[in-house]
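Engineer: Can you look at this prediction? I've put the sequence above it.
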Amino acid sequence: MTRNPGTSFRQMLASLVPDGEGLAIDLPGDWLQGRTAYGGLTGALCVEAAARLNPDLPPLRSAQFALAGPASGRLVVNAEGVRRGKSAVVIAASVAGEAGPAARALLTYGAGRDSRIVGAGSGPASVPAPEACPAFFDPERAPGFARHFDVRLAGGARPLTPGAEPRITVWIRHGDGETPTGMPAFVALADAIPSPALVLFPEFAPFSTMTWSLDMTAADPSSASGWWLLDSVIDAAGGGYASQDMSLWNDAGQLVARARQMVSVFI
C-alpha cells in the first residue's frame, strides 16, 4: 500500500483538548473508516481519556465496549470513576459525536500482587515471519485508517473467500514511521482488521461491531520489534450476527490479550 504519513497516532491523541469535564477531538480524516472512527480507535480514545482524567491508575486488566452508533464529527470523550478499591479501579467512559452517543465503555484496572497462581495458555500457531507474509489490505478497498498500520497476512483466509474457515491471522504494527507505546496504542491496533465474518461473504456488504471485550493477560504489553500477532476466528454465525474470538501475542510468543466481539452482518 502506498503510504501517506498523514497524522501520526501520537499527533492524533495530542489533538484531544479539554471540553467541560471531558475531552474533545476533531478526528483527522485519515483516521476514519468511511465517515466514522473504527472500533479500536473509539476504544483507544476511551482509554486515553481515562488516563488523563483519572490520574494514578494501575494497569488496565479488562475493558468492555458497546459501540452504539457512528463516532463522527467532533467527538466528546468522558471518563469518570465508578469505584476505587484497594487494588482495583473501575472507570466508566463514553464517546459522543454529532449524531449522538457513539460508545460506552467499562474499564477495569488492577494493581499487581503476589500470587501462587501462575499459568499460561498455549502459544501461537507456527506462522511465517512478518517479512515473509504478504500485505493484508487491498489498497483499492482498504479503509482510510489502514494507512496507519502495517498488516501482513500470516494465516487463515482473506475476506470474500466463502468456503474457507472464517479465520484471519495477521502480523500487525503501527506504520506511521514510529512505534507508539502505551495502552491506547495497543487498543487501537487490537481492532484494526475487519471481522473474519467477511471471509464468508460472497461479495462486500456492510458489517458493524456491536460489542467488544478485551482482557489483558499482560500488565504492560510490549513488543521489541513493534510487531504483534493477531488471530481472529468466527465461532458462530447466523440471524445477521457473528461471534468472534481473538488472541494477541507479542513478537516473543507471549499471550498479551484475549478478546471477544459480536458483529452485525447485513448480508
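Structural biologist: Cool, the structure landed. Residues are numbered from 1 along each chain as shown.

Engineer: now the strands: where do they sit in the stretch 101-250 of the chain?
Structural biologist: Along the stretch 101-250 of the chain, counting by DSSP state E, counting those that start in this stretch, strands occupy 149-156, 167-174, 207-216, 228-238, 241-250.

Engineer: Tabulate those in JSON lines, adding columns for mean neighbour count and mean pLDDT.
Structural biologist: Every C-beta, even on glycine, is put in place using the N, C-alpha and C of the backbone. Below are the strands of the stretch 101-250 of the chain laid out as JSON lines (neighbours: other Cβ atoms under 10 Å; pLDDT from 0 to 100):
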{"stretch": "strand 149-156", "mean neighbour count": "21", "mean pLDDT": "97"}
{"stretch": "strand 167-174", "mean neighbour count": "22", "mean pLDDT": "98"}
{"stretch": "strand 207-216", "mean neighbour count": "19", "mean pLDDT": "96"}
{"stretch": "strand 228-238", "mean neighbour count": "18", "mean pLDDT": "97"}
{"stretch": "strand 241-250", "mean neighbour count": "20", "mean pLDDT": "97"}
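
Engineer: Quick one: closest of those to residue 122.
Structural biologist: With Cβ to Cβ, the closest approach to residue 122 among the strands of the stretch 101-250 of the chain belongs to strand 241-250: 9.5 Å.

Engineer: Let's test this: mean pLDDT of whichever helix in the chain runs longest, rounded?
Structural biologist: When every helix of the chain is counted residue by residue (DSSP state H), the longest turns out to be helix 39-53. Averaged over helix 39-53, pLDDT sits at 97.

Engineer: Pull out the buried residues from it.
Structural biologist: 39-51, 53 (16 or more other Cβ atoms under 10 Å).

Engineer: what's the closest of those residues to residue 200?
Structural biologist: For residue 200, the nearest member of those is residue 39. The distance, counting by Cβ to Cβ, is 19.6 Å.

Engineer: So residue 27 is in contact with residue 35, correct?
Structural biologist: No. Look at residue 27 against residue 35 with Cβ atoms under 8 Å: they stay out of range, at 10.3 Å.

Engineer: For those two, indicate the residue with more neighbours.
Structural biologist: Just comparing residue 27 and residue 35: by other Cβ atoms under 10 Å the higher neighbour count belongs to residue 27, 23 against 12.

Engineer: how about the more buried one, what does it touch?
Structural biologist: Shown here is residue 27, whose contacts under the criterion Cβ atoms under 8 Å, 6 or more residues apart in numbering are 12, 37, 41, 71, 75.

Engineer: hey, where'd the helices end up in the stretch 51-200 of the chain?
Structural biologist: Secondary structure of the stretch 51-200 of the chain by DSSP state H, counting those that start in this stretch: the helices cover 183-190.
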